[in-house]
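Chemist: okay, sequence plus prediction incoming.
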Amino acid sequence: MKFEKEMKIIKKGTSEIIPEEALIKKLEYSHKTGKPLRIKYGIDPTGSDVHIGHLVPIRKMREFQDLGHIGVIIIGDFTAQIGDPTGRDSSRPALTHEQVKQNADRYMEQIYTVLDKSKTEVRWQSEWFGKMGMADVLKLLSKFTLAQFLAHDTFRKRYENGLSLGMHELMYPVLQAYDSVAIQSDVELGATEQKFNILSGRDMQRYFNMPEQVAVLSPILMGTDGKQKMSKSLGNYIAVFDNPKEKYGKVMSIPDELIINYFNYATKLDPDEIDKIEKELKAGEINPKIIKQRLAREIVSLYHGNEEAVKAEEEFNRIFSQNKIPTDMPEMIIKEKIWIIKLLKDTKLCSSNGEARRMIKQNAVSIDGEKITNSNQEIFPENEMILKVGKRRFLKLIKG
RNA sequence: GGAGAGAUUCCCGAGUGGUCAAAGGGGGCAGACUGUAAAUCUGUUGGCGAAGCCUUCGGAGGUUCAAAUCCUCCUCUCUCCA
């Protein structure tokens, strides 16, 4: 097979390439003409936090860039006003232009931790949609039928379950499809849930007499809860902006079944190496914790370097394996006696007096390792004291 | 446009005048057990220095000693007919 090496790289951690032969042809053409391929990935600046699940396709884009191709990031300032209906059962609120701009800036900052800036092109949907009139919109819409959309699981389910489905949400795939025409993409990246949208791009390009893009689909990264896909709204995500300790801890909290999955999609490790790890894990001779710690190190070092990863691991072991206190923690200076409940609430260790009382009642609060049992207690540090709530909330109290 | 159903706490969902801060489940949090995993068990899950009081059942008014529950108007959603 031609371009075997390239295809191996592209296929790593990819769940589907549609159609595969077309991609080989494109690579071939690019090689012959010296023209880089245009690799598209669209983002909706609806939020600003990027998590490592988002980065699975971004990482793939980087691999394409390393092979000499151009990454084109589409800022979906129009689609953001719709909110991707894929996999959602309710619509999203629209955003203002200011918010979109801010989110987009922050978003780019985060994905440049992975991408090669010199080979990245950033395009806004408003460049082309901003100029369109109703006649153009109708023309785009006429390319698709309702039946096509109802064949799509997301739309059908919402329709059948009697949930609201706005007309504008049906526009989402149409807009995304036209983006491919506008930027003349050769390949579009996305998670598998994007299959419909990305394939719509092929249809749209065909209508515009353009070569059709190839869909390169990445698997969906599961969230740290191991139950649902990683998503911000579910709170089961590892953010790019999380600090090393947070990242490390979050990785350690994933269920064991996800270890290999994360190795595959969230690290740069070689597939052969991952195979080896998988065998070790299956043999059951090594404590999965050891393997998970390696995973955590790999992920942390990807964003913060090796040194930080080792530090995060030491800290983790210190707190959770040896049950010691962290090396640094927020501090608070206490000038006078303070009621324990008020202290917990004021320091935001607990969100309300009620929660503070609950925590005490449940034996979750301790000072210097001694459980607090009396919720009327007043606190005044003799020198320094460590206040602990639950397993991971710490505060150093200093006599003021 | 016509007819009907509906909106309850983080989510789903019960509740048709006082016994309702509101059943049950999910999720979350905490404790035990652990490897900060999973599973399991237990507790807890509006606010207030806790007595009692205050705010909360789509929104605004009203009836009543008393409203998630009854009435009026409004907003939104769904189903059927066109």
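Modeler: Received, thanks.
Chemist: where along the stretch 151-300 of chain A do the strands fall?
Modeler: A:187-191, A:214-218 (DSSP state E, counting those that start in this stretch).
Chemist: any chance of the ones you listed in CSV, plus mean neighbour count?
Modeler: Every C-beta, even on glycine, is put in place using the N, C-alpha and C of the backbone. Conversion of the strands of the stretch 151-300 of chain A to CSV gives the following (neighbours: other CB atoms under 10 Å):
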stretch, mean neighbour count
strand A:187-191, 25
strand A:214-218, 24
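Chemist: which one, of those, ends up nearest to RNA strand B?
Modeler: RNA strand B lies closest to strand A:187-191 among the strands of the stretch 151-300 of chain A, at 22.5 Å (CB to the nearest atom of the strand).
Chemist: packing partners of the lowest-mean-pLDDT helix or strand in chain A?
Modeler: Lowest on mean pLDDT, DSSP states H and E among the helices and strands of chain A sits helix A:79-82, with a mean of 79. Helices and strands touching helix A:79-82, by 3 or more CB pairs under 8 Å, 6 or more residues apart in numbering; DSSP states H and E, are helix A:167-183.
Chemist: which parts of the stretch 201-350 of chain A sit against RNA strand B?
Modeler: Within the stretch 201-350 of chain A, the positions adjacent to RNA strand B are A:225-226, A:248-249, A:252-256, A:287-289, A:292, A:316, A:320-321, A:339, A:341-342, A:345 by CB under 7 Å from any atom of the strand.
Chemist: just the buried ones from those residues, in ChimeraX syntax?
Modeler: Filtering those down to the buried ones (16 or more other CB atoms under 10 Å) takes a single ChimeraX command:
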select /A:248,249,252,254,292,316,339,341,345
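Chemist: that older thread, got the contact list for the helix or strand following the least confident helix or strand of chain A?
Modeler: As assigned by DSSP states H and E, the chain's next helix or strand after helix A:79-82 is helix A:97-111. When contacts are defined by CB atoms under 8 Å, 6 or more residues apart in numbering, helix A:97-111 is touched by residues A:43, A:45-48, A:50, A:54-55, A:58, A:73, A:75, A:77, A:80, A:95, A:122, A:240-241.
Chemist: what of stretch A:12-28?
Modeler: A:1-3, A:6-7, A:10-11, A:37, A:56, A:59-60, A:63, A:186-187, A:192, A:195, A:199, A:211-212, A:214-219, A:264-265, A:271.
Chemist: hang on, the earlier thing: export the strands of the stretch 151-300 of chain A to TSV and append columns for distance to residue A:361 and mean pLDDT.
Modeler: Shown next, in TSV, are those (distance: least, CB to CB, whole Å; pLDDT from 0 to 100):
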stretch	distance to residue A:361	mean pLDDT
strand A:187-191	44	95
strand A:214-218	46	96
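Chemist: quick one: which of those strands is nearest residue A:117?
Modeler: Of all the strands of the stretch 151-300 of chain A, it is strand A:187-191 that lies closest to residue A:117, at 17.4 Å by CB to CB.
Chemist: got the angle between that closest one and strand A:214-218?
Modeler: 20 degrees (axes from the mean of the first three to the mean of the last three CA atoms, to 10 degrees).
Chemist: list the neighbouring strands of strand A:187-191 plus their orientation.
Modeler: Next to strand A:187-191 in the sheet, as set by DSSP bridges, lie strand A:38-43 (parallel), strand A:214-218 (parallel).
Chemist: gap between it and the chain center?
Modeler: Relative to its chain's centre, strand A:187-191 lies at 15 Å (CA atoms, centre = their mean, to the nearest Å).
Chemist: does residue A:173 touch residue A:197 like I think?
Modeler: Yes: under the criterion of CB atoms under 8 Å, residue A:173 makes contact with residue A:197 at 4.6 Å.
Chemist: stretch A:339-356: end-to-end distance?
Modeler: The first and last residues of stretch A:339-356 sit 11 Å apart, counting by CA to CA, to the nearest Å.
Chemist: follow-up on the earlier one: give the buried subset of the contacts of stretch A:12-28 as a PyMOL selection command.
Modeler: Entered in PyMOL, the line below selects the buried ones among those, by 16+ other CB under 10 Å:
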select buried, chain A and resi 3+6+7+10+37+56+59+60+63+186+187+195+199+212+214+215+216+217+218+219+264+265
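Chemist: which residue does the stretch 201-350 of chain A have closest to RNA strand B?
Modeler: For the stretch 201-350 of chain A, CB to the nearest atom of the strand, closest residue to RNA strand B: residue A:249, 2.4 Å.
Chemist: one more: the stretch 51-200 of chain A?
Modeler: Distances between the stretch 51-200 of chain A and RNA strand B by CB to the nearest atom of the strand are smallest at residue A:164, namely 2.9 Å.
Chemist: what pLDDT does that residue get?
Modeler: For residue A:164, the pLDDT comes out at 83.
Chemist: for it, grab phi and psi.
Modeler: The phi and psi values for residue A:164, taken as degrees, to the nearest 10, are phi -70, psi 140.
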